[in-house]
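Participant: below is the structure, and that's it, no one-letter string:
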């Protein structure tokens, strides 16, 4: 008998998880699965990360300990709202060889069609990450073209520059100068090159 857990979630305290639990119990009973635990996050948005969803966090810890073989959810959006977050959870479960079942979408990763849909989700998450990276790079390029100086502000002031030059003239070595002034070698060389 396959050991399964149920993961249910509602966004507000006025909603109830009972409908989700009842529907999933019926599927588990028809399939001959044994429900070993029910994880319930109530009044928590699906856009919250794992650390902000105590039941999801506990479920993922229990997954590592192989307490169940499948996670059953009423709907994909109960597990996660953002595709990146959802794929992260699904990938972790997949690596642990734990199947997933989503009742409303009829997705079961035990089947070839369920694994195919999981592969599509993974591709979409990868595409989304690449699009975000491209937008960030375009924004940085635009900022550079507009004369915005990127990176941390420099802590090197005229006093530090003068001290570097004085110590260099006195014959103090690079490492010793850097240690005394609390600067890095790259900073030393950028001052000297000026």
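Facilitator: Cool, got the structure. Values in this document were obtained by computation on a predicted structure and should not be read as measured data.
Participant: how much distance is there from the top helix by length along the chain to the middle of the chain?
Facilitator: In the chain, taking DSSP state H as the definition, the longest helix is helix 112-145. Relative to its parent chain, helix 112-145 has a centroid offset of 13 Å by CA atoms, centre = their mean, to the nearest Å.
Participant: name the residues that touch the helix or strand following that helix?
Facilitator: Using DSSP states H and E, the helix or strand that directly follows helix 112-145 along the chain is helix 158-169. For helix 158-169, contacts defined as CB atoms under 8 Å, 6 or more residues apart in numbering pick out 176, 177, 180, 181, 183, 187, 188, 191, 192, 194. (C-beta placed from N, C-alpha, C; glycine too.)
Participant: what sits against the second one?
Facilitator: This points to residue 177. Contact partners of residue 177, counting by CB under 8 Å, 6+ apart, are 164, 167, 168, 183, 188.
Participant: element containing it, please.
Facilitator: Assigned by DSSP H and E, residue 177 belongs to helix 174-181.
Participant: can you pull the buried residues of that helix?
Facilitator: 177, 178, 181 (16 or more other CB atoms under 10 Å).
Participant: so which strand or helix has the residue nearest the centre of the chain?
Facilitator: Closest residue to the average C-alpha location of the chain: residue 85 at 5.8 Å, with CA atoms, centre = their mean. According to DSSP H and E, residue 85 maps onto helix 83-95.
Participant: what residues of that helix count as buried?
Facilitator: 83, 85, 86, 87, 89, 90, 93, 94.
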